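Student: one predicted model, sequence on top.
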Amino acid sequence: MEHASPVRWAGAPADVRALVGGAVLVLAYGTGVHVVQLVGSGFDPYPELPGWLRGYFVALTVLDPLAAVLLAGRRRSGVVLLVAVLVTDALANGWANYGLDPAAGVTPGRVGQAVISVLALVAVLTSHRLWRYAEGTGPRRRTAVSERRADR
C-alpha cells in the first residue's frame, strides 16, 4: 500500500501531510480489524446483525484499503471515499450498538463507535483542506490567484 510520502504530497503544507498520514493509518487499522473479524469468524462475521449490516461491514475490507491507497496517491476520490467510509461506518456502528444491542450503559462497542464518530467528524471538517491539495483527474480550474502565480 502506498503511503503519504513527501514525494506524493510534495508542495502540501505539513499539517495536510500529517492529516493524510493519519487518515491512511486509520484506514489501514480499519482494514486490519475487518479482516481479522472476517477470518476469525470463519468468514461468517457478525451473525447477530441483519444481512445488510453484515454486508456493509464486510465491504469495508475492500473500501478501507481502497480509500487509503487513493488518498495516499493524492487523489480527490480518496478524500471523498475517506469521508464516505468514516461517516457511514460511524452510522452503521451507531445502529449496531444503540439500535440493535440491548445492553445498557457503556460497552466496548459503544466506545469504539464514539471513536469512529470523532474520526468521521475530523474527516468531514478537514475534507475541504485535503481536497484543495489533492490532485483531481480532470482539468484544473484556473482562478485569479493561480493566474497571477502563473504570470510570475
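Tutor: Received, thanks. Only a predicted model underlies this, so the values are computations on that prediction, with no experimental measurement involved. Numbering: from 1, shown residues only.
Student: need the helices for the protein, in chain order.
Tutor: In order along the chain, the chain carries the following helices (DSSP state H): 14-40, 51-72, 76-94, 108-133, 144-151.
Student: turn these into CSV, columns for mean neighbour count and distance to L100.
Tutor: In this view, the C-beta of every residue, glycine as well, is placed from N, C-alpha and C. Written out in CSV, the entries for the helices of the chain read as follows (neighbours: other Cβ atoms under 10 Å; distance: least, Cβ to Cβ, whole Å):
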stretch, mean neighbour count, distance to L100
helix 14-40, 17, 16
helix 51-72, 19, 8
helix 76-94, 20, 10
helix 108-133, 16, 10
helix 144-151, 8, 50
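Student: figure out which of those is closest to R8.
Tutor: Minimum separation from R8 across the helices of the chain (Cβ to Cβ) falls at helix 51-72, 6.5 Å.
Student: what angle separates the closest one from helix 76-94?
Tutor: Here the directions of helix 51-72 and helix 76-94 differ by 150 degrees (axes from the mean of the first three to the mean of the last three Cα atoms, to 10 degrees).
Student: got a list of contacts for helix 51-72?
Tutor: Residues outside helix 51-72 that contact it (Cβ atoms under 8 Å, 6 or more residues apart in numbering) are 1-5, 8, 20, 23-24, 27-28, 30-31, 34-35, 37-38, 45-47, 49, 77-79, 81-82, 85, 88-89, 92, 95-96, 130, 134.
Student: P102: which of the helices of the chain is closest?
Tutor: Closest of these to P102 is helix 108-133, at 12.0 Å (criterion: Cβ to Cβ).
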